[in-house]
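Asks: sharing a sequence plus its predicted fold:
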Amino acid sequence: MIHAEPKDLPIPQIHGYLLGGVQPRPIALVSTVSKEGVNNLSPFSFYNAFGANPPTVAFSASRRGSDATFKDTYNNLIEMKECVVQAVTHAIIEQINLASAKFAADVDEFRISGLTPIDSDIVAPKRVEESPFQMECKLRQMIPLGDGRGSGNLAICEVVKFHIADDIFRAGIIYPDFIDLVGRNGGAFYTRASGDAVFELNKPDKGNCIGFERLPAFMKESHVYSGNNLGRFALTEKLPTDEEAAGFIESFRQPKDKKESKQKFFRALRRQDYESMLRTALALGDQGHLNIKILLERTAKCALENGNTESAWNTAVFAGSL
Ligand SMILES: Cc1cc2nc3c(=O)[nH]c(=O)nc-3n(C[C@H](O)[C@H](O)[C@H](O)COP(=O)(O)O)c2cc1C
């Protein structure tokens with residue numbers, strides 16, 4: 001481990017640690033306008049949403065690392081107190097990258113990036129037509145976080161109007177694959193928040209899950225279950241009794257004279273076919289196979305990772321009873 005206090009580190013190194021350890025960060029594509037009427041468009045990944053009532057987003061347009069001067073976005077916000085914050089999708093990431101280059105204050109980054117400015121309804125800054133998620137915002141507070149090179153300036157903004165493309169919804173929620181957002185990592189890395197990068201977790205929202213500490217010791221001591229496996233097991237409200245588990249397992253028992261092989265078990269594992277794994281493991285147990293407990297734990301793990309919690313729990317409890 002590296003153990004360091006920021007006072008002993010150069011600012012670029014601190015910046016690098018923050019970018020690398022706080023990621024992927026959402027990206028705000030912020031449009032502002034100067035009092036002379038020049039449009040400005042820049043991406044900011046020190047950004048997030050902070051409350052729904054009132055709807056609040058915040059981002060930090062830091063002082064420049066080179067000379068501690070303020071960025072155009074900061075100056076425009078201080079003068080005009082308005083901006084539009086847009087979501088950054090994969091379809092426009094290269095154009096957003098262009099908008100982040102350092103241009104003079106009188107340069108309109110809509111023209112540099114080729115993105116299309118369209119009028120907002122309430123605020124003066126333009127919206128970016130190509131983004132499917134746009135928020136017209138009023139600046140509520142600007143909090144300076146220092147006065148040196150790289151110091152942040154937290155712009156806390158209230159959303160006064162949303163503009164959201166209706167085709168990014170599925171079942172009432174903005175669906176990750178449809179909005180296809182991009183996040184910022186450290187270095188020059190970015191993350192595409194769709195496809196294989198996206199997964200779902202069951203919410204422990206009822207507050208009556210058993211929790212990690214009430215998991216049976218035979219599960220916590222297992223060398224098969226990972227921390228994630230145990231975390232998912234611990235979401236359950238009630239574990240099956242030994243009798244319930246034995247009853248469940250019985251329906252998978254094959255005739256006593258059925259011969260099975262370990263190879264068949266591992267073929268089923270490759271297919272993630274936990275029911276076949278269970279039948280084979282039980283038959284191997286009947287044949288006197290020594291590692292039956294581990295094979296059953298691997299079966300429970302496979303069922304769990306494929307979303308069948310009932311099968312996973314019954315198999316895990318049965319394995320623990322052996
Ligand atoms: C993806 C991405 C994220 C960025 N995030 C930030 C940020 O959070 N804060 C910041 O000050 N600059 C950030 N930058 C750099 C600014 O976009 C850049 O300094 C820009 O030129 C500022 O423009 P302005 O002077 O027109 O406001 C980021 C750049 C990129 C490409």
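Replies: Yep, that arrived. Residues are numbered from 1 along each chain as shown.

Asks: so where do the strands sit in the stretch 1-150 of the chain?
Replies: Taking DSSP state E, counting those that start in this stretch, the strands of the stretch 1-150 of the chain run over residues 25-26, 28-33, 39-44, 47-52, 55-60, 82-87, 117-118, 127-128, 133-144.

Asks: let me see the ranges of the helices in the protein.
Replies: 11-21, 72-80, 93-99, 109-113, 176-179, 217-220, 227-233, 242-250, 262-270, 274-286, 292-305, 309-321 (DSSP state H).

Asks: quick one: those helices as JSON lines, columns for mean neighbour count too.
Replies: In short, each C-beta sits where N, CA and C put it, glycine included. As requested, the helices of the chain are arranged in JSON lines below (neighbours: other C-beta atoms under 10 Å):
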{"stretch": "helix 11-21", "mean neighbour count": "13"}
{"stretch": "helix 72-80", "mean neighbour count": "20"}
{"stretch": "helix 93-99", "mean neighbour count": "17"}
{"stretch": "helix 109-113", "mean neighbour count": "19"}
{"stretch": "helix 176-179", "mean neighbour count": "16"}
{"stretch": "helix 217-220", "mean neighbour count": "14"}
{"stretch": "helix 227-233", "mean neighbour count": "16"}
{"stretch": "helix 242-250", "mean neighbour count": "15"}
{"stretch": "helix 262-270", "mean neighbour count": "15"}
{"stretch": "helix 274-286", "mean neighbour count": "22"}
{"stretch": "helix 292-305", "mean neighbour count": "22"}
{"stretch": "helix 309-321", "mean neighbour count": "22"}
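
Asks: closest to the ligand out of those?
Replies: Judged by C-beta to the nearest ligand atom, the one of the helices of the chain that comes nearest to the ligand is helix 72-80, at 3.3 Å.

Asks: gap between residue 180 and residue 4?
Replies: Using C-beta to C-beta, to the nearest Å, residue 180 is found at 37 Å from residue 4.

Asks: quick one: which of those two has more around it?
Replies: For residue 180 versus residue 4, the count of surrounding residues by other C-beta atoms under 10 Å is larger for residue 180: 20 against 11.

Asks: run a quick check on the more buried one versus residue 92, I expect a contact.
Replies: No: in this structure, residue 180 is not within contact of residue 92 by C-beta atoms under 8 Å, at 10.2 Å.

Asks: and residue 138, what does it touch?
Replies: Residue 138 makes contacts with 81-82, 123, 157-158, 160, as judged by C-beta atoms under 8 Å, 6 or more residues apart in numbering.

Asks: hang on, I meant residue 167
Replies: The contact partners of residue 167, taken as C-beta under 8 Å, 6+ apart, are 132, 178.

Asks: what pLDDT is listed against it?
Replies: Residue 167 is assigned a predicted lDDT (pLDDT) of 98.

Asks: most tightly packed of the strands of the stretch 1-150 of the chain?
Replies: Ranked by mean neighbour count, these are led by strand 28-33 with a mean of 28 (mean count of other C-beta atoms under 10 Å).

Asks: so which of the strands of the stretch 1-150 of the chain gets nearest the ligand?
Replies: Comparing the strands of the stretch 1-150 of the chain under C-beta to the nearest ligand atom, the one sitting nearest is strand 39-44, at 3.5 Å.

Asks: angle of that closest one against helix 72-80?
Replies: 120 degrees (axes from the mean of the first three to the mean of the last three C-alpha atoms, to 10 degrees).
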